[in-house]
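Visitor: what's the 3D shape of this:
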Amino acid sequence: MWKSISQVLADQFGAYYSIKNKTKIHTGEMHESWIIDDGIQPVFVKMNEKSYRSMFRAEADQLIMLAKTNTVRVPEVYGVGCSQNHSFLLLEGLAMQPNTPQNMAEFGNQLARLHQYQGSENYGLSFDTWLGPQYQPNEWGSRWATFFSEQRIGWQLQLCAEKNLYFGDKEEIIKAVATLLAKHQPKPSLLHGNLWIENCANIDGHTVTYDPACYWGDRECDLAFTELFEPFPHEFYENYHRTFPLDEGYQERKIIYQLYHLLNFSSRFHGNYVALANKLVHDVLQRYENR
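Guide: Down below sits the predicted model:
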């Protein structure tokens, strides 16, 4: 496996990459992670079984896509490859530091510019992605209410049901979400899609973001997730709103967009996330009935 990694890096850097140091780091939910170096160039390695290559390819394609917008900073992609038994993703090795109000304030401007980037008149993406370990379908759609209610909320409800987690009548919840979003048809923005504090880091005073779950959708989805668990510093929101003010009604739509992530966390981790998701489902249905 390490020989295959050296070969991919040699192709990337134009010179043989001899791995001198390997340090296993905190592993996430799915993948094994390492920092390697040749004495000069550090590289971050994600690895898993060979069947995960398509997931790594999708992550690489999303990072490249985000980088091409020249807005937010993401790790540079060095390559995707396979050995006999493993697949791997090779990224720029970065010395990550804790976020500060200053670097996150700058990130507010950058995210606003990402959301202003133009490239699609429809919602979705030309390939499917993953939200954590969960497959995320991105079939193109022209109506935001339909796209989000079916491909986001409906999809997560189905994944939850497969793990014997039920939040009520699936079709009723989908209908409620579609109805509450029916008059909201935002211009599609390119979303990070998995934007919370765990996926941002301070690198030399500038924010780098990673682990995306991209698609073209309502920019409010990114902002709603930033507020769900540990909100970003208020300087981030001030700069974002100054650059790209939010539309009226965001506070009402926010809980619908947060429900998507709570359903995702419910099926992955269970625990208190299920209770939080149940509460938002109740709120959504009550608003639907009282409309």
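
Visitor: The lowest-mean-pLDDT helix or strand in the chain packs against which elements?
Guide: Least confident helix or strand, the chain: helix 2-13 with a mean of 89, by mean pLDDT, DSSP states H and E. Contact analysis of helix 2-13 by 3 or more C-beta pairs under 8 Å, 6 or more residues apart in numbering; DSSP states H and E lists strand 77-82, strand 86-92 as its packing neighbours. C-beta: built from backbone N, CA, C; applies to glycine.

Visitor: Can you say which of these is packed in most?
Guide: strand 86-92 (a mean of 22; mean count of other C-beta atoms under 10 Å).

Visitor: List the neighbouring strands of that strand plus their orientation.
Guide: strand 42-49 (antiparallel), strand 77-82 (antiparallel) (DSSP bridges).

Visitor: For Ile153, find the nearest of the ones you listed.
Guide: In terms of C-beta to C-beta, the element of the strands paired with strand 86-92 nearest to Ile153 is strand 42-49, at 28.5 Å.

Visitor: Contacts for the helix or strand following that closest one, please.
Guide: Per DSSP states H and E, strand 42-49 leads on to helix 53-68 as the next helix or strand towards the C-terminus. Helix 53-68 is touched from outside by 46, 48, 72-77, 79-80, 82, 87-89, 91, 114, 127-130, 190, 192, 210-214, with contacts defined as C-beta atoms under 8 Å, 6 or more residues apart in numbering.

Visitor: from the residues you listed, which would you call buried?
Guide: 46, 48, 72-75, 77, 79-80, 82, 87-89, 91, 114, 129-130, 190, 192, 210-214 (16 or more other C-beta atoms under 10 Å).

Visitor: Low-confidence regions, the chain specifically.
Guide: Low-confidence segments of the chain, defined by pLDDT under 70, are located at 27.

Visitor: how close does the residue nearest the centre of it sit to Glu49?
Guide: In the chain, the centroid-proximal residue (C-alpha atoms, centre = their mean) is Asn194; its distance is 2.2 Å. Asn194 sits 22 Å away from Glu49, going by C-beta to C-beta, to the nearest Å.

Visitor: cool, Tyr123 as well?
Guide: Taken as C-beta to C-beta, the span from Tyr123 to Glu49 is 32 Å.

Visitor: Wasn't Ala176 part of a helix?
Guide: Yes - under DSSP: H, G, I helix; E, B strand; the rest coil, Ala176 sits within a helix.

Visitor: Spatially, which residue comes closest to it, not counting chain neighbours?
Guide: Tyr288 (3.6 Å; C-beta to C-beta, 6 or more residues apart in numbering).

Visitor: Give me the buried positions along the helix or strand harbouring the one you found.
Guide: Using DSSP H and E, Tyr288 sits in helix 272-289. Across helix 272-289, burial judged by 16+ other C-beta under 10 Å covers 273-274, 276-278, 280-281, 284-285, 288.

Visitor: where exactly do the strands run in this protein?
Guide: Here the chain has its strands, by DSSP state E, at 21-24, 32-37, 42-49, 77-82, 86-92, 129-131, 134-136, 189-191, 200-203, 206-209, 215-217.

Visitor: export these to TSV and tack on distance to Asn99?
Guide: Shown next, in TSV, are the strands of the chain (distance: least, C-beta to C-beta, whole Å):
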stretch	distance to Asn99
strand 21-24	23
strand 32-37	20
strand 42-49	18
strand 77-82	23
strand 86-92	18
strand 129-131	22
strand 134-136	26
strand 189-191	20
strand 200-203	5
strand 206-209	7
strand 215-217	25
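
Visitor: Ok, which of these comes nearest Ile255?
Guide: Comparing these by C-beta to C-beta, strand 215-217 comes nearest, at 16.4 Å.

Visitor: Can you list the neighbours in contact with the closest one?
Guide: Contacts for strand 215-217 (C-beta under 8 Å, 6+ apart): 119-120, 122-125, 129, 136, 138, 144, 147-148, 188-191, 193.

Visitor: Pretty sure Lys170 is one of the things Gly154 touches, is it not?
Guide: Yes - Gly154 lies in contact with Lys170 (C-beta atoms under 8 Å); the separation is 6.6 Å.

Visitor: domain parsing for the chain?
Guide: 1-92, 101-290 (the TED database).

Visitor: looking at those, which is buried most?
Guide: domain 101-290 (a mean of 18).

Visitor: Fine by me, we can end here.
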